[in-house]
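>>> pasting the sequence and the predicted coordinates here, then a few questions.
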Amino acid sequence: MEDKLTSLREWLGGLHEEPVDIQDDTDLVESGLVTSLQFVQMVIEIERLHGQKLDPGVINIESMRTLRAINTTVFQAA
């Protein structure tokens, strides 16, 4: 699981020119780290890392707000 989170953290960091510090509880939306368009791209990246499509019921702002939420909702739920 941690490898997937590390990969996702690196992917998110690659969206920005300057280095960013993304903690497990950093609000990705409120902090401006992920725009609405990037949110869709992030879901695609999560599916790639997870190895399968996400159930549409899982894809919502609360389950994707932080890396901790993504880990709990997607990676650990598998």
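Everything's here; your move.
>>> run through the helices of this protein in chain order.
2-13, 36-50, 67-70 (DSSP state H).
>>> okay if I get these as a markdown table plus mean pLDDT, mean neighbour count and distance to Asp21?
C-beta: built from backbone N, CA, C; applies to glycine. Formatted as a markdown table, the helices of the chain follow (pLDDT from 0 to 100; neighbours: other C-beta atoms under 10 Å; distance: least, C-beta to C-beta, whole Å):
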| stretch | mean pLDDT | mean neighbour count | distance to Asp21 |
| --- | --- | --- | --- |
| helix 2-13 | 93 | 15 | 9 |
| helix 36-50 | 95 | 14 | 17 |
| helix 67-70 | 96 | 19 | 12 |
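>>> those into a markdown table, with extra columns for distance to Ile22?
Shown next, in a markdown table, are these (distance: least, C-beta to C-beta, whole Å):
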| stretch | distance to Ile22 |
| --- | --- |
| helix 2-13 | 5 |
| helix 36-50 | 12 |
| helix 67-70 | 7 |
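>>> which one, of those, ends up nearest to Gln23?
helix 67-70 (7.6 Å; C-beta to C-beta).
>>> which strands and helices sit next to that closest one?
With contacts defined as 3 or more C-beta pairs under 8 Å, 6 or more residues apart in numbering; DSSP states H and E, helix 67-70 has these neighbours: helix 2-13.
>>> now find how far off-centre the helix it packs on is within its chain.
8 Å (C-alpha atoms, centre = their mean, to the nearest Å).
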